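>>> okay, here's the prediction I keep looking at, along with the sequence it came from:
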Amino acid sequence: MARRYCLAIDLGGTQLRAALVDAAGQLHHRKSVRTAPAKEAVEIVDQMADLARQVLAGCGADEVESVGLCSPGPLDVEEGRIISVYTIPSFIDVPIVKLLEARLPYRVHLENDGVAAAAGEWKHGAGQGVRSMVYITVSTGIGGGIIADGQVLYGRKGLAGHVGHIKIEANGRRCGCGNPGCWEAYASGTFWAQTAQAAAAGRSDTLLGQNGATIDPPAIFAAANMGDRLARQLVAEEADYLGIGIVSLLHLLSPEVIVMGGGVMNGFDQLIGGIRQRVEADAMPAFRAVPIRKAALGGDSGLVGAAMLAFGRA
């Protein structure tokens, strides 16, 4: 009997990724390209379809059940439509499922990328064996997905899980979504890098930004590891902001585990102490012992989860 796959596609603002994923969560024939700086959404849809065909060349057409597509949102997963993606300006009110199904010979199942990553970690990663978990991705923005009582939490139109837009300051920094004070505007990789750039400007007592070097999360973690005082302060502030949002999620959802992924979590070991300190300080006693783990699947959480959810729907 031929092995069965789902084709998983991960649409990101900087990168498109695709792979065949089997029922055990293993990835095959993985490929990726930079997302085209397109003026029209259809150009990126064509790019996605071309990438999918390259991946599909590695197997027979009858070995693939369907396509699992994950994307930033907001989305309407019931209608298969991307409402908007502010990291991809051309993606406004795009009937992505209809467009992809016109280009590929399979049914397409659309998922929010945070929800897909949550499902991937729940089935094959750091959330295996639990019935309730929250997944948080910290990268360009902050997103997430929720498993509640053994079910993926979708909410109305599949919009549940936009955890980055919890408000932590009434009149705070302006978020990319347009609103002030969102958690994302304080703790995402994008805004953290901006904070670091402003803090390091004109200073000679820090490794950050010396000789024109880029100041981004990897540079901050590296400098902190070398004992740089400003970098260590920035890591502590980032951990504290992450902890503030996590406390709210603990109180609201009472998960058995918090799983954290995304590029910023490459520095998880430097952040977890400060995150736990904030949780210990602010969470009610009954919520403090919840484990906080790094995603086990790394950058593949979304691909694995999109495929698992597509298998389930098929």
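Right, received. Where do you want to start?

>>> would you map the helices across this protein?
41-56, 96-101, 113-124, 184-187, 189-200, 217-225, 229-253, 268-282, 301-313 (DSSP state H).

>>> could you dump these into CSV with distance to C175 added?
To be clear about C-beta, it is placed using only N, CA and C from the backbone, and glycine gets the same treatment. Below are these laid out as CSV (distance: least, C-beta to C-beta, whole Å):
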stretch, distance to C175
helix 41-56, 23
helix 96-101, 24
helix 113-124, 16
helix 184-187, 4
helix 189-200, 8
helix 217-225, 18
helix 229-253, 13
helix 268-282, 20
helix 301-313, 22
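
>>> deepest of these, which one?
Comparing the helices of the chain by mean neighbour count (mean count of other C-beta atoms under 10 Å), helix 113-124 ranks first with a mean of 29.

>>> what mean pLDDT does it get?
On average, the pLDDT along helix 113-124 is 96.

>>> re the thing from before, the helices of the chain: which one's closest to G172?
Nearest to G172 among the helices of the chain is helix 184-187; the distance by C-beta to C-beta comes to 6.4 Å.

>>> any idea what sits nearest I44, other than its immediate chain neighbours?
Among residues not flanking I44 along the chain, A38 sits closest, at 5.0 Å (C-beta to C-beta, 6 or more residues apart in numbering).

>>> state the distance from that neighbour to D113.
Taking C-beta to C-beta, to the nearest Å as the measure, A38 falls 19 Å from D113.

>>> and G144, how many neighbours?
Look at G144: counted by other C-beta atoms under 10 Å, it has 28 neighbours.

>>> contacts only, for it.
With contact taken as C-beta atoms under 8 Å, 6 or more residues apart in numbering, G144 is in contact with G114, A118, V134, Y135, I136, T137, G161, H162, V163, G164, L249.

>>> so where's this protein shaky on pLDDT?
1-3, 314 (pLDDT under 70).

>>> quick one on the thing from earlier: contacts only, for the residue nearest to I44.
If you count contacts by C-beta under 8 Å, 6+ apart, A38 has them with I44, Q47, S90.

>>> now render these as a markdown table, adding distance to A200.
Putting these into a markdown table (distance: C-beta to C-beta, whole Å) gives the following:
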| residue | distance to A200 |
| --- | --- |
| I44 | 35 |
| Q47 | 36 |
| S90 | 33 |
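
>>> from I9, how far out is the residue lying closest to C6 once chain neighbours are set aside?
Using C-beta to C-beta, 6+ apart and skipping the chain neighbours, the partner closest in space to C6 is A307 (4.0 Å). A307 sits 10 Å away from I9, going by C-beta to C-beta.

>>> just V21 next, same as before
For V21, the distance to I9 - C-beta to C-beta - is 11 Å.

>>> identify the contacts common to those two.
Both V21 and I9 are contacted by G68, L303, A306, under the criterion C-beta under 8 Å, 6+ apart.

>>> tell me the bridge partners for V257.
Applying DSSP bridges to V257 yields these beta-bridge partners: M133.

>>> wouldn't it be in contact with K294 here?
No: using C-beta atoms under 8 Å, V257 is not in contact with K294; the gap is 11.3 Å.

>>> give me the common contacts of those two.
Jointly contacting V257 and K294 under the rule C-beta under 8 Å, 6+ apart are A126.

>>> looking at these two, which one has more neighbours?
Neighbours were counted for V257 and for K294 using other C-beta under 10 Å; V257 has more, 20 against 16.

>>> any idea how far that one lies from K123?
For V257 relative to K123 (C-beta to C-beta), the value is 14 Å.

>>> hang on, isn't A187 packed against G143?
No: look at A187 against G143 with C-beta under 8 Å: they stay out of range, at 12.0 Å.

>>> name the nearest residue to I166, ignoring sequence neighbours.
I166's closest residue in space is W183 (C-beta to C-beta, 6+ apart), at 4.7 Å.

>>> likewise for L207?
Nearest one to L207, counting by C-beta to C-beta, 6+ apart, is A223 at 4.3 Å.
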